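K.L.:
Structure for this input, please:
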Amino acid sequence: MKKMIAVLKASKDLFLVQSAAILLYRRMSTISILKLDGLRKLPLSTQTFAPYSELQKQKILESHIVSILHGCTTLNQLKQVHAHIYCKGLDQCCYVVTKLIRMLIKMDVPVHWYPHLVFRQVKNPNPFLWTVLIWGYGVQGPFSESVHLYSCMRKKGVGPVSFTFSALFKACGAVLDACLGSQVHAQTILIGGFASDLYVGNTMIDMYVKCGLLDCGRKVFDEMAERDVISWTELIAAYTRSGDMKSAGDLFDGLPIKDMVAWTAMVNGYSQNAMPKKALEFFERMQDAGIAIDEVTLAGVISACAQLGASNHANWIRDIAESSRFRPANNVVVGSALIDMYSKCGNVEEAYKVFLSMKERNVFSYSSMIVGFAMHGLAHEAIKLFFDMLKTEVKPNHVTFVGVLSACSHVGMVDQGRQLFSVMEKCYGVVPTADHYACMADLLGRAGYLEEALKIVETMPMKPNGAVWGALLGASLIHKNPDVAEITASHLFELEPDSIGNYILLCKTYASVGRWDDVSRVRKLMRGRKLKKDPGCSWVEVKNGIIQEFLAGDATHPQTREIREALEDLVERLKATGYQPNMGSVPYDVSDEEKKRILMTHSEKLALAYGLLNTAAGSIIKIMKNLRICEDCHSVMCGASKITERKIVVRDNMRFHHFIEGVCSCGNFW
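P.N.:
All right, here's what the predicted structure looks like:
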């Protein structure tokens, strides 16, 4: 008997399986068969209270075997039930065989081996049996076999069912074959009766969306006679991924019953499309509607808080997370998101507290904390945490090395950065990407090694992208090197012809050395391309979590007069301590008086003055800016932190600057 069981477990030949199964069955009692590895005992068919017809007995047996199949957890168990199916004469029962094949495929048994052999033994497979094999090849591949089986099915005169088309549409979506998907779509219409099927319609929408044909998916949706929440949510999520939040919002408003998935799609959509205020607004509405949340919802709204940089909102979200079943101490996804949020809200100390409280940490937790330390200029803390991570079972990934290299870049730790870059692949198996080369270009360029940075970029194993050349262009401005700036800008103008920031950096580099003719030439090029400069924008958080936004030159605020007076008073006090306006921060060939006027209207200065007027004495002033802070504003913030005895935190598009008693955390290296 042991030998026969071994044959059943090891054999890949269907004939041997059948033969061994029959012999095994003859040697075993009914009770021992029914007690095989966790299988439930079949009820006795000889019940005394009511006689059963043979058909009824057959149906009961089929039902219980299917129930047993669903309880199987190993391939060996399935083979044993398969033996029982043969011995009971159910090997031609399409209902039972379909369930067997589905379970085999779910256990990742290769379709072309066991499942297809089982299918071929059935003389008259019904549509469901054909469909389960079509589905199997759609899941495992090759997808061409799914199409071939469908053709064979039609040639044999077997009509498809709705699940047949659903399986084909899922396969088309998996391989992104919109052409074949549209042909299957045509089949649903030609055969008739399927175009209006809800399940078919939903998988059809999903197929078109995955293939990038959102308009076709919308057309299917509009023509559906019946829709459910899946129909609506698939399209809402697709619109959010494409950045069309208006269409997503219109669909959401028309959704009769809004569940957690639909709400979460909207919250995450606004968050992913850089509309954090709308994301928070929708999350509040979701809370007011009493809709439950999950870790995906929390991660989305936490990301929105991170973008906004508002600590008041951050604490509110933290409280919600703590009171839910997704507490950051126990949930690695939420915990990692909170680390990122607090870091981007300027509270790296609280981020580290969250990190320490986590019972489980993965590479995302470590990487988020390392990146958080890096953006705050805490390079030594970032590198220490990196080496602490190496002592655990957690392995560094692409983001981890971006974090440690950025940390080195922000404080000029050139030797440490070179060493980490040289061993990341050899010792840790992380192949350098363009992101890592951008970090190295930034590290070397900032430190003044422009020629070395240019050489490393020109010898990259992959084509440098905009981030790589952009890092080098930024370094050229810092060190007033127009020659390297011209080389990098020429590449950027080809890669990103409509990115106005590159033109502005080149203009500033020329202006820094007084090459005004070149400045005029680049500006003429900008006008020819009809490019407009993104206005400097800063926002500051004041009492009760209120966030006030300022544009450069903004004169529309109700407190404009008070803001201007407070700023003028601050500058006069700074001049008494030796401050002089940095004219090089204005890339225009205008008079010094005009340059001083322009400097006074920079958005971060307006936000600073407003913060001084509208926050309690001694409290921290937190300012966020969409562009890099200029040298003159950096000097003003340094001086203001000393004479006002206030800590000032500025987050620009590169990093955080913590100004305390006249000193910045960046050490004037940014």
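
K.L.:
show me the contacts for the nearest residue to residue 553 once chain neighbours are set aside.
P.N.:
Distance criterion C-beta to C-beta, 6 or more residues apart in numbering; nearest residue to residue 553, sequence neighbours excluded, is residue 601 at 4.3 Å. Yep, even glycine has a C-beta here, placed from its N, CA and C like the rest. Contacts for residue 601 were tallied using C-beta atoms under 8 Å, 6 or more residues apart in numbering; they are 552-554.

K.L.:
how does it look with 10 Å?
P.N.:
The contact partners of residue 601, taken as C-beta atoms under 10 Å, 6 or more residues apart in numbering, are 536, 550-555, 564, 567.

K.L.:
Show me where the stretch 451-600 of the chain has its helices.
P.N.:
Secondary structure of the stretch 451-600 of the chain, counting by DSSP state H, counting those that start in this stretch: helices at 466-478, 482-495, 500-512, 516-528, 560-575, 592-600.

K.L.:
Ok, the stretch 151-300 of the chain next?
P.N.:
Secondary structure of the stretch 151-300 of the chain, counting by DSSP H, counting those that start in this stretch: helices at 162-174, 178-191, 198-210, 214-223, 229-242, 245-254, 260-272, 276-288, 295-308.

K.L.:
Redo the ones you listed as JSON lines? Include distance to residue 375 and mean pLDDT.
P.N.:
Formatted as JSON lines, these follow (distance: least, C-beta to C-beta, whole Å; pLDDT from 0 to 100):
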{"stretch": "helix 162-174", "distance to residue 375": "38", "mean pLDDT": "87"}
{"stretch": "helix 178-191", "distance to residue 375": "41", "mean pLDDT": "87"}
{"stretch": "helix 198-210", "distance to residue 375": "35", "mean pLDDT": "90"}
{"stretch": "helix 214-223", "distance to residue 375": "35", "mean pLDDT": "91"}
{"stretch": "helix 229-242", "distance to residue 375": "27", "mean pLDDT": "90"}
{"stretch": "helix 245-254", "distance to residue 375": "28", "mean pLDDT": "92"}
{"stretch": "helix 260-272", "distance to residue 375": "19", "mean pLDDT": "93"}
{"stretch": "helix 276-288", "distance to residue 375": "18", "mean pLDDT": "92"}
{"stretch": "helix 295-308", "distance to residue 375": "11", "mean pLDDT": "90"}
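
K.L.:
would you turn the helices of the stretch 451-600 of the chain into CSV with mean neighbour count and mean pLDDT?
P.N.:
Shown next, in CSV, are the helices of the stretch 451-600 of the chain (neighbours: other C-beta atoms under 10 Å; pLDDT from 0 to 100):
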stretch, mean neighbour count, mean pLDDT
helix 466-478, 23, 91
helix 482-495, 19, 93
helix 500-512, 22, 88
helix 516-528, 14, 90
helix 560-575, 16, 94
helix 592-600, 15, 88
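
K.L.:
Now tabulate those in TSV and tack on distance to residue 620.
P.N.:
Below are the helices of the stretch 451-600 of the chain laid out as TSV (distance: least, C-beta to C-beta, whole Å):
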stretch	distance to residue 620
helix 466-478	28
helix 482-495	37
helix 500-512	30
helix 516-528	38
helix 560-575	17
helix 592-600	24
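
K.L.:
And those: which comes nearest residue 65?
P.N.:
helix 466-478 (59.2 Å; C-beta to C-beta).

K.L.:
returning to what we had before: report the two of the contacts of residue 601 separated the most.
P.N.:
The most widely separated members of the contacts of residue 601, counting by C-beta to C-beta, are 536 and 564 (16.9 Å).

K.L.:
Mark out where each domain of the chain begins and ends.
P.N.:
By the assignment in automatic domain parsing, the chain contains the domains 1-90, 293-360, 433-528, 537-664.

K.L.:
And the strands in the stretch 351-500 of the chain?
P.N.:
Per DSSP state E, counting those that start in this stretch, the stretch 351-500 of the chain carries no strands over any range.

K.L.:
Test for you: state the pLDDT assigned to the closest residue in space to residue 365 that isn't next to it in sequence.
P.N.:
The spatially closest residue to residue 365, leaving aside those adjacent along the chain, is residue 336, at 4.7 Å (C-beta to C-beta, 6+ apart). On pLDDT, residue 336 comes in at 94.
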